[in-house]
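Participant: Sequence plus the predicted model coming up.
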Amino acid sequence: METLRHIVLFVHLIGFAVLFGAWAVQAFGGKREFTRLMSIGMSIAAVAGLVLAAPWGLPDGAEMNYAKIGTKLVILLVIGALLGIGTARQKRGEKIAPAVFWLVGILTATNAGIAAIW
Ligand code: HEM
């Protein structure tokens, strides 16, 4: 079970990498638009994150930090809302507000920071 949990963590990290990587390409030298790859990465990170949020496959005595997980979930929901708002605007042919675009990258990095540091 511990190995399976590590595999799910690996999938979670791939989701994070796809979301942040796709965003970074757009932020630095790109058109600063939201892409399908960002939504795909976020969905992978979300599903794997929710699986990891349940207490299974942990080493003996290890405890879950539910405040940390809850905070990450709230931030993920905000990222999802921003991606949804921006994508809808793009479909109408409008440009995404810079604050909406940058917040997606900042909040994604924040969630990775919370995961690694808290
Ligand atoms: C964009 C959103 C997210 C990003 C960028 C992200 C990033 C990360 C990273 C980098 C790790 C590895 C940390 C380590 O092994 O030291 C991690 C682990 C983890 N994530 Fe996420 N995550 C996100 C969303 C979520 C969500 C929504 C949940 C659950 C509701 C979640 C639950 C977990 C759990 C349980 C772990 C493993 C244990 C831990 O370090 O707390 N994550 N996440």
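Facilitator: Yep, that arrived. Numbering: from 1, shown residues only.

Participant: Contacts only, for the closest residue to the ligand within the chain.
Facilitator: Ranking the residues of the chain by distance to the ligand (CB to the nearest ligand atom) places Gly49 first, at 2.7 Å. Backbone N, C-alpha and C define where each C-beta goes, glycine included. Going by CB atoms under 8 Å, 6 or more residues apart in numbering, Gly49 touches 12, 15, 69, 72-73, 76.

Participant: could you redo these as TSV and give each row secondary structure?
Facilitator: Putting the contacts of Gly49 into TSV (DSSP: H, G, I helix; E, B strand; the rest coil) gives the following:
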residue	secondary structure
His12	helix
Gly15	helix
Ile69	helix
Lys72	helix
Leu73	helix
Leu76	helix
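
Participant: Now which of those would you call buried?
Facilitator: Taking 16 or more other CB atoms under 10 Å as the criterion, what is buried in the contacts of Gly49 is 12, 15, 69, 72, 76.

Participant: related to what we said a few turns ago, what about the ligand: which of the contacts of Gly49 touch it?
Facilitator: 12, 69, 72-73, 76 (CB under 6 Å from any ligand atom).

Participant: Pipe those into JSON lines and attach pLDDT per row.
Facilitator: Output for the ones next to the ligand among the contacts of Gly49, formatted as JSON lines (pLDDT from 0 to 100):
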{"residue": "His12", "pLDDT": "98"}
{"residue": "Ile69", "pLDDT": "98"}
{"residue": "Lys72", "pLDDT": "98"}
{"residue": "Leu73", "pLDDT": "98"}
{"residue": "Leu76", "pLDDT": "98"}
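
Participant: Out of the residues you listed, the closest to Ile96 would be?
Facilitator: Nearest to Ile96 among the ones next to the ligand among the contacts of Gly49 is Leu76, at 18.9 Å by CB to CB.

Participant: give me the element the residue nearest to that closest one when sequence neighbours are not counted is part of.
Facilitator: Spatial nearest neighbour of Leu76, chain neighbours left out: Ala46 (5.7 Å); criterion: CB to CB, 6 or more residues apart in numbering. For Ala46, the element it lies in under DSSP states H and E is helix 36-52.

Participant: that older thread, among the ones next to the ligand among the contacts of Gly49, which two are most distant?
Facilitator: Longest span within these, CB to CB: His12 and Leu73, 12.9 Å.
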